[in-house]
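Undergrad: any chance you can model this:
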Amino acid sequence: MLFKLLFAPVTGLGWIAEQIQQRADTELDATENLSKRLLALQLAFDMGDIPENEFEVQEEELLVAIQALEDRKRAEAALEAVAEMD
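TA: A predicted model of the protein is given here:
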């Protein structure tokens with residue numbers, strides 16, 4: 001029992017690190033997925049599979065989604081920095 005009490009902070013930090021890693025992996029996967037979709041869209045357009053107006057609409061949607069992910073990452077990083085200051 002004493003052993004568990006002594007190592008509880010270490011165990012807790014390990015759990016927190018694991019949660020942060022999972023979240024980072026999820027966000028990386030989302031960004032990577034959007035980038036791959038954007039590349040596939042560009043290839044489809046270049047091969048003449050989709051018209052220009054459809055390409056432009058879908059490209060804009062993907063770029064907005066990528067920008068939103070990047071904005072969220074920056075906001076979360078800023079919040080973490082502020083939390084570390086406290």
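
Undergrad: what average pLDDT does stretch 29-49 get?
TA: Averaging pLDDT along stretch 29-49 gives 92.

Undergrad: which ones are touching Leu34?
TA: Leu62, Ala65, Ile66, Leu69 (CB atoms under 8 Å, 6 or more residues apart in numbering). Every C-beta, even on glycine, is put in place using the N, C-alpha and C of the backbone.

Undergrad: which of these are buried?
TA: The neighbour-count criterion (16 or more other CB atoms under 10 Å) marks Leu62, Ala65, Ile66 among these as buried.

Undergrad: against Gln19, how distant is the second one?
TA: If I follow you right, that is Ala65. Noted for Ala65: a distance of 24 Å to Gln19, by CB to CB, to the nearest Å.

Undergrad: ok now stretch 46-53, how far from the chain's centre?
TA: 29 Å (CA atoms, centre = their mean, to the nearest Å).

Undergrad: repeat that for stretch 44-60.
TA: Per CA atoms, centre = their mean, the centroid offset for stretch 44-60 relative to its chain is 25 Å.

Undergrad: now do stretch 43-51
TA: 28 Å.

Undergrad: could you tell me the end-to-end distance of that stretch?
TA: Stretch 43-51 has an end-to-end distance of 12 Å (CA to CA, to the nearest Å).

Undergrad: can you give me the strands for this protein?
TA: Using DSSP state E, no strands are found in the chain.

Undergrad: can you find the helix or strand in this structure with the smallest mean pLDDT?
TA: Using mean pLDDT, DSSP states H and E, the weakest-scoring helix or strand in the chain turns out to be helix 2-46, at a mean of 76.

Undergrad: phi first, then psi, for Gly48.
TA: phi 80, psi 20 (degrees, to the nearest 10).

Undergrad: using CSV, write out every CA atom in stretch 58-74.
TA: Provided in CSV are the C-alpha atoms of stretch 58-74 (Å, rounded to 0.1, in the frame of the first residue of the first chain):
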residue,chain,number,x,y,z
GLN,A,58,-14.0,21.2,-52.2
GLU,A,59,-10.5,22.7,-52.0
GLU,A,60,-11.8,25.7,-50.0
GLU,A,61,-13.6,23.4,-47.6
LEU,A,62,-10.5,21.3,-47.0
LEU,A,63,-8.3,24.4,-46.6
VAL,A,64,-10.7,25.9,-44.1
ALA,A,65,-10.8,22.6,-42.1
ILE,A,66,-6.9,22.5,-42.1
GLN,A,67,-6.8,26.1,-40.9
ALA,A,68,-9.3,25.4,-38.2
LEU,A,69,-7.2,22.5,-36.9
GLU,A,70,-4.1,24.7,-36.9
ASP,A,71,-5.9,27.5,-35.1
ARG,A,72,-7.2,25.1,-32.5
LYS,A,73,-3.7,23.7,-31.9
ARG,A,74,-2.3,27.3,-31.5
